[in-house]
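Visitor: Fold the following, please.
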Amino acid sequence: MVLGKSYALRKMLEFVEEDVGLGDITTESIVDDGVEVEAVIVTRDEGVVAGLAEVRALLEYFGVELEPIKRDGDEVGYDEVVARLRGSAKAVLTLERTVLNILMRMSGVATETRKLVELVRRNGFSVRIAATRKTAPGLRYFDKRAVEVGGADTHRLSLYDAVLIKNNHVAIAGSVAEAVKRAREKVSFIKKVEVEVSTAEEAVEAAKAGADVVMFDNMSVEEAKRAMDMLKREGLRDKVLVEISGSINYENVLRYASLEPDVISVGYITHSLKALNMSLKVVNVFKRSSG
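Guide: Okay, here's the model as predicted:
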């Protein structure tokens, strides 16, 4: 991904600071200095693992070793060990919830993403599945990275990645064509211009105006088919990428895929995910040697 490991580590340190506050008073009152532990992270659900690379960097920052038993992208069943930890007991216990929260959320996103991608592929469609910007504030890197692990496209990571003209931009500019014209005049040639449209007529207008990507937004299957047919009749279908988005889920994605768009983007894989349940168990306790 464009966002690097250093960015992810900075964000995770913020999460730790949020959780610890002025100190882990439970651990500090019970656990002596010099105590080390071995621990395992165990699944409590079936799904796809994601986030091991991220939490490994966090743990190592605090001197805790992580030995991955599974890899990001691996499928797991109930009660499987995904990683072993060794290090300071205080560090392991203080970081436990942050580490599990990251792993559980990212694995939940990756699991739902994989289910959707495999459904589409299993039914013979080559359309690319993509995420949206409907991510939790502060968690975009982790949500998008999990989408990538699950086998889908991350779409825009930020507003800077590409021009995406939405209905409110059109309302202010006056028309789809005018909005595209203004974007083309002011934005670098290297940035793609995408236009969100809600009718077949707008789809044709956007393609004629020079959009690179036309997004059918919240269209019914019937209206999306009409838009696709109009683009073909006008000789415009092969001049643009077609993305379909809005209220698409596991139950209806195949109907939209049958229209043969280039991309189907879905928001629920990041905004309505079910976290993959995991737990951390201490399995051995050691007293660090003073020599």
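
Visitor: Please give me every residue in contact with the nearest residue to residue 245 once chain neighbours are set aside.
Guide: Nearest residue to residue 245, sequence neighbours excluded (CB to CB, 6 or more residues apart in numbering): residue 265, at 4.3 Å. Every C-beta, even on glycine, is put in place using the N, C-alpha and C of the backbone. Neighbouring residues of residue 265 by CB atoms under 8 Å, 6 or more residues apart in numbering: 129, 130, 131, 132, 155, 215, 243, 244, 245, 248.

Visitor: wait, isn't the third one in contact with residue 150?
Guide: No - the criterion here is CB atoms under 8 Å, and residue 131 misses it with residue 150 at 9.2 Å.

Visitor: Common neighbours of the two, please.
Guide: Taking CB under 8 Å, 6+ apart as the contact rule, residue 131 and residue 150 both touch 113, 269.

Visitor: where exactly do the strands run in the stretch 151-291 of the chain?
Guide: 163-165, 193-197, 213-217, 241-245, 263-265, 278-287 (DSSP state E, counting those that start in this stretch).

Visitor: Which secondary structure elements does the second one sit against?
Guide: What that stands for is strand 193-197. strand 163-165, helix 176-186, helix 200-209, strand 213-217 (3 or more CB pairs under 8 Å, 6 or more residues apart in numbering; DSSP states H and E).

Visitor: Tabulate the strands of the stretch 151-291 of the chain (TSV), appending mean pLDDT and distance to residue 58.
Guide: Shown next, in TSV, are these (pLDDT from 0 to 100; distance: least, CB to CB, whole Å):
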stretch	mean pLDDT	distance to residue 58
strand 163-165	96	32
strand 193-197	97	35
strand 213-217	97	36
strand 241-245	97	33
strand 263-265	98	30
strand 278-287	95	13
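
Visitor: and residue 86, bridged to which residues?
Guide: residue 38, residue 65 (DSSP bridges).

Visitor: what does the domain assignment say about this structure?
Guide: The record's domain parsing of the chain by automatic domain parsing lists 5-116+274-287, 162-266.

Visitor: and residue 142, which of those is closest to it?
Guide: domain 5-116+274-287 (5.4 Å; CB to CB).

Visitor: Start and end of the closest one, how far apart?
Guide: Domain 5-116+274-287 has an end-to-end distance of 33 Å (criterion: CA to CA, to the nearest Å).

Visitor: Quick check: longest helix in the chain by residues?
Guide: Longest helix of the chain, by residue count under DSSP state H: helix 89-122.

Visitor: I'd like the average pLDDT over it.
Guide: Helix 89-122 shows a mean pLDDT of 97.

Visitor: in it, what's buried?
Guide: Neighbour-count burial for helix 89-122 flags 89-96, 98-117, 120 (criterion: 16 or more other CB atoms under 10 Å).

Visitor: Likewise for stretch 6-23?
Guide: For stretch 6-23, the neighbour count (16+ other CB under 10 Å) marks 8, 11, 12, 15, 16 as buried.
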